[in-house]
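1. Here is my input; please provide its structure:
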Amino acid sequence: MALTKWLMLYASVMAIGVKAADDCHKRRLAYGIVCVCNSSHCDWTPEPTRLAAGKYVLYTSSNEGSRFAKSTGSFVASLDSWWAGNEITVDEQTTYQTIEGFGAAFTDAAGINIKSLSEGTQQNLLKSYFSDTGIKYNIGRVPIGGCDFSTRKYTYADQRGVPDLANFNLTREDVDFKIPLIKVAKSLTSDELRLIGSAWSAPPWMKSNNDYSGIGFLKQNFMETWAKYHIKFLDAYDKFSLKFWALTTGNEPLNGIVPINRFNSMGWTPQSHREWIGHYMGPLLKSSKYNDTLLFAIDDQRIVLPWWMKMLMADGEAAKYIDGVAVHWYLDFIVPVKVLNEVHNDFNDMLILNTEASQGDKPWDFVKVQLGSWNRAENYASNIIDDLNHWVQGWLEWNLALDLTGGPNWSSNFVDAPVIVNKDADEFYKQPMFYAIGHFSKFIDRGSVRIKLSQSSIIKIVGFKRPDGAIVMILYNRRSKNVNISIRDSKRGVIGLSLQKQSINTLVYW
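-> Model prediction:
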């Protein structure tokens, strides 16, 4: 019944056309400005149409309240001295990594929150993320079983079957919240929605501590069974016509090693990790009908890089099956971004994705949900630019939507999200974080290639050439005053831009 209702929602979403951009309905809350959406109104940003040669369009979001504010202009042959002193040059012939996409996770919590809204409000929320008039997410991470952003602890085989996994089955969370949400999202994207599956924990009976969380590892005699569990998951979603682009080898294995962990987790050592990949998961996946599904290792903080990857890749059997490295952002403030360069330099055919980020996660974040926080938008903009300038090919936030407390979460591990749902008012709030990510996800299409830009000491910047030939740059002015810069392109000329103080900007031209 729940799936039928969501399919009806899909039909109604497809029937709605966006005629023109609507302005953000601004509301100043405790920490700043949010854009309020409900069943009758939401703000949209149509795709930029191809511009004539020599023209550009600039989209700006700022602490002062701009949200994708659009301005246009033209290249000229030269600028006067007012623009001198901070010139950025474009070299589109020197290229780096290709972008796979941007997105977030289809958690139980996201489904619960979105489903708590009226049908029209649900439509506007999903369109805000996945449609061409939204921010064009095209990757979705899917927890394999339960995680902390569930209302209970569970896997797909909590009771040991005879034989093992005889009782494997999807749960009501998949049927009511995950699968329907993914289907609607797929219907909205103009690009392929790529899915990444990640398991938080094996069933307790497979683990050394017989628990969902805490210090615990997979028992040696269940290596093969745990690999088969993943294939059964792919089989189960395949019955709903949902294919997975990639799997990871398990969410945050460090959480199963450190003694402070309190939510679903399972530890690996580098040695057991590579044994499972090389002798069980890798061979089973490649011999199955899902042999084009990629396998990402690590799925944890970059504090383990590059040494953990070197240990995995030193094993010839494991190295045959590892397609990429998945990293999380939570300890980036203590680990230099240059470790990503080391991974690229050591394994230059390896995909690198940031598969999880959220804010409000630290013990000192006493207010988990900070409605309207521009500071959190800037944290994301800065981090994404750093990652993209160091070989990262995709960047995912955590939950698509949370409630006003930053949940639900069975272990009270509440965090913030780009979209916060207020079910009692039947509305949701697009936070500054939403627009910060959107400055990248909306304008950097899959297949875009990073190009060389001269770096500035005043602003942070990254640039790309899209498959349609457009040049896209994201420029982040972190200063508390407006900044004048110039962009010089040898083919097109030069432009002068006055970037608002504390602003994130996307420049597009052909």
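
2. and stretch 127-147, how far apart are its ends?
-> Between the opening and closing residues of stretch 127-147 there is a gap of 25 Å (C-alpha to C-alpha, to the nearest Å).

3. likewise stretch 242-251?
-> End-to-end distance (C-alpha to C-alpha), stretch 242-251: 21 Å.

4. ok, now stretch 57-73?
-> For stretch 57-73, the end-to-end distance is 7 Å (C-alpha to C-alpha).

5. Could you give the average pLDDT over it?
-> Average pLDDT, stretch 57-73: 97.

6. Tell me the buried residues in it?
-> Buried residues in stretch 57-73, defined by neighbour count with 16 or more other C-beta atoms under 10 Å: 57-63, 65-69. (Glycine included, C-beta is placed from N, CA and C.)

7. Point out where this structure drops to low pLDDT.
-> 1-22, 84 (pLDDT under 70).

8. Could you pull out the helices in the stretch 351-500 of the chain for me?
-> For the stretch 351-500 of the chain, helices defined by DSSP state H, counting those that start in this stretch occupy the ranges 374-388, 432-441.

9. Same check on the stretch 51-200 of the chain?
-> 108-115, 119-130, 172-173, 179-188.

10. And for the first one, what's in contact with it?
-> Residues external to helix 108-115 that are found in contact with it (C-beta atoms under 8 Å, 6 or more residues apart in numbering): 104, 122, 125-126, 143, 146-147, 149-151, 173, 176-178, 180-181, 399-403, 407-409, 421, 423.

11. now these: which count as buried?
-> 104, 122, 125-126, 143, 146-147, 149-150, 173, 176-178, 180-181, 399-403, 407-409, 421, 423.

12. From residue 100, how far out is residue 238?
-> 22 Å (C-beta to C-beta, to the nearest Å).

13. circling back to that earlier point, so which of the helices of the stretch 351-500 of the chain is nearest residue 81?
-> helix 374-388 (28.8 Å; C-beta to C-beta).

14. circling back to that earlier point, of all the helices of the stretch 351-500 of the chain, which gets the most neighbours per residue?
-> helix 432-441 (a mean of 27; mean count of other C-beta atoms under 10 Å).

15. packing partners for it?
-> The helices and strands touching helix 432-441, judged by 3 or more C-beta pairs under 8 Å, 6 or more residues apart in numbering; DSSP states H and E, are strand 32-37, strand 55-62, strand 101-105, helix 374-388, strand 394-399, strand 503-509.

16. That one vs helix 119-130, what angle?
-> 50 degrees (axes from the mean of the first three to the mean of the last three C-alpha atoms, to 10 degrees).

17. Show me how far helix 432-441 is from its chain's centre.
-> 11 Å (C-alpha atoms, centre = their mean, to the nearest Å).

18. Over to stretch 267-279?
-> 26 Å.

19. So what sits opposite the spatially closest residue to residue 83 that is not a sequence neighbour in the bridge?
-> Excluding its sequence neighbours, the residue lying closest to residue 83 (C-beta to C-beta, 6 or more residues apart in numbering) is residue 496, at 4.1 Å. Taking DSSP bridges as the rule, residue 496 bridges to residue 486.

20. Test my guess that residue 496 contacts residue 507.
-> No. Under the contact definition of C-beta atoms under 8 Å, residue 496 does not touch residue 507, with a separation of 11.9 Å.

21. Looking at those two now, which is surrounded by more residues?
-> More crowded of residue 496 and residue 507, by other C-beta atoms under 10 Å: residue 507, with 21 against 16.

22. so what's residue 264 closest to, chain neighbours aside?
-> In this structure, residue 264 finds its nearest non-sequential neighbour in residue 200, 3.8 Å apart by C-beta to C-beta, 6+ apart.

23. whoops, residue 220 was the one
-> Nearest to residue 220 is residue 272, by C-beta to C-beta, 6+ apart, at 8.0 Å.

24. check contacts around the spatially closest residue to residue 120 that is not a sequence neighbour.
-> Of all residues not flanking residue 120 in the chain, residue 39 sits nearest, at 3.0 Å (C-beta to C-beta, 6+ apart). Counting by C-beta under 8 Å, 6+ apart, residue 39 touches 118-121, 123-124, 426.

25. OK, contacts around the spatially most central residue of the chain?
-> Centroid check for the chain by C-alpha atoms, centre = their mean gives residue 396 as the closest residue, at 1.1 Å. With contacts defined as C-beta under 8 Å, 6+ apart, residue 396 is in contact with 102-105, 139, 141, 196, 353-357.
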